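**Q** let me see the structure of the following:
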Amino acid sequence: MSSSPTREESHEVAKVTVRVLRSCGISCFLVGGMACSLYGTSRLPNDIDMAVMTDEDTESVKRRLVSADARFYLVNSRNVLATYKVLWFRLSTSHHYARYNRSCKVDILRRGTLNIPDVTPSRIRVVERLPVAPLLLLLCLKLQCWDHHGAATEWRYRCKQPADARDIDELLTIAVSNGEKLSKERWMPEQFVRETEERVSRYLRREWDSHGREQWRALGFRTDRSR
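**A** Numbers count the residues shown, from 1 in each chain. Predicted structure coming up:
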């Protein structure tokens, strides 16, 4: 039996994280696998990626969460040179998981981290009562993850690329079906969009997906950009 969080547990961790951050006056929204799942992708998330629209130091935000709810806790990074702590949320243990000391990792991503742009509260979407990144922004960020994982030197990152590609393909279909258009998201930084279109070109060359090319074009992205 897997000790990974269930979908219901991931929702609960996200809700608690959002509640604490909002009580601190910090606007936030989900990105990563949890956000993809909320929009309808098939892969279950293993952790929570929460973008925070603040200039406060990320480690300070993590400490706020730990102080507010005893189920949050911090551990040292596996990287001995790292100066940051890793935030976890302790999951409840039922008789089904009696053998496991189960927790869910919570990544706090301050705006600017991983090129996450500033997103005003009015642009944050709500899905199943949780704040989520706008769909096209999420798609762009997931494509960036695919690109970064492919360029990584460590296998533990490179091996994530196939899962990234599946998420991207599913998000593409969902975005086209929802009638998403890049022209409606002009608030996204021009450089961010340009870099996304360069990644789209690399993605299509790598994946050999002619249908995907038409989907990206339907959303309003150029598919012929290159450096």
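**Q** which residues in the protein form helices?
**A** 7-23, 32-39, 58-68, 135-151, 155-158, 161-177, 190-207, 210-219 (DSSP state H).
**Q** and the longest one, what's buried?
**A** Looking back up the chat, that one is helix 190-207. For helix 190-207, burial by neighbour count (16 or more other C-beta atoms under 10 Å) applies to 193, 195-197, 199-204. To be clear about C-beta, it is placed using only N, CA and C from the backbone, and glycine gets the same treatment.
**Q** let's have the residues you listed in CSV, adding pLDDT and distance to residue 13.
**A** Compiled in CSV, these are given as follows (pLDDT from 0 to 100; distance: C-beta to C-beta, whole Å):
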residue, pLDDT, distance to residue 13
193, 97, 32
195, 97, 31
196, 97, 29
197, 97, 34
199, 96, 30
200, 96, 32
201, 94, 36
202, 93, 33
203, 94, 30
204, 93, 35
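**Q** which single one of those is nearest to residue 50?
**A** residue 196 (21.6 Å; C-beta to C-beta).
**Q** report the contact partners of that closest one.
**A** By C-beta atoms under 8 Å, 6 or more residues apart in numbering, the residues touching residue 196 are 140, 143-144, 221.
**Q** want to throw those residues into JSON lines with distance to residue 46?
**A** Below are those laid out as JSON lines (distance: C-beta to C-beta, whole Å):
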{"residue": "140", "distance to residue 46": "22"}
{"residue": "143", "distance to residue 46": "20"}
{"residue": "144", "distance to residue 46": "19"}
{"residue": "221", "distance to residue 46": "29"}
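**Q** got a list of what residue 110 touches?
**A** 51-52, 54-56, 58, 61, 116 are the contacts of residue 110 under C-beta under 8 Å, 6+ apart.
**Q** ok, for the residue nearest to the spatial centre of the chain, nearest residue in space, not its chain neighbours?
**A** Compute the mean C-alpha point of the chain, and by C-alpha atoms, centre = their mean the closest residue is residue 32, 1.7 Å away. Nearest residue to residue 32, sequence neighbours excluded (C-beta to C-beta, 6 or more residues apart in numbering): residue 49, at 3.1 Å.
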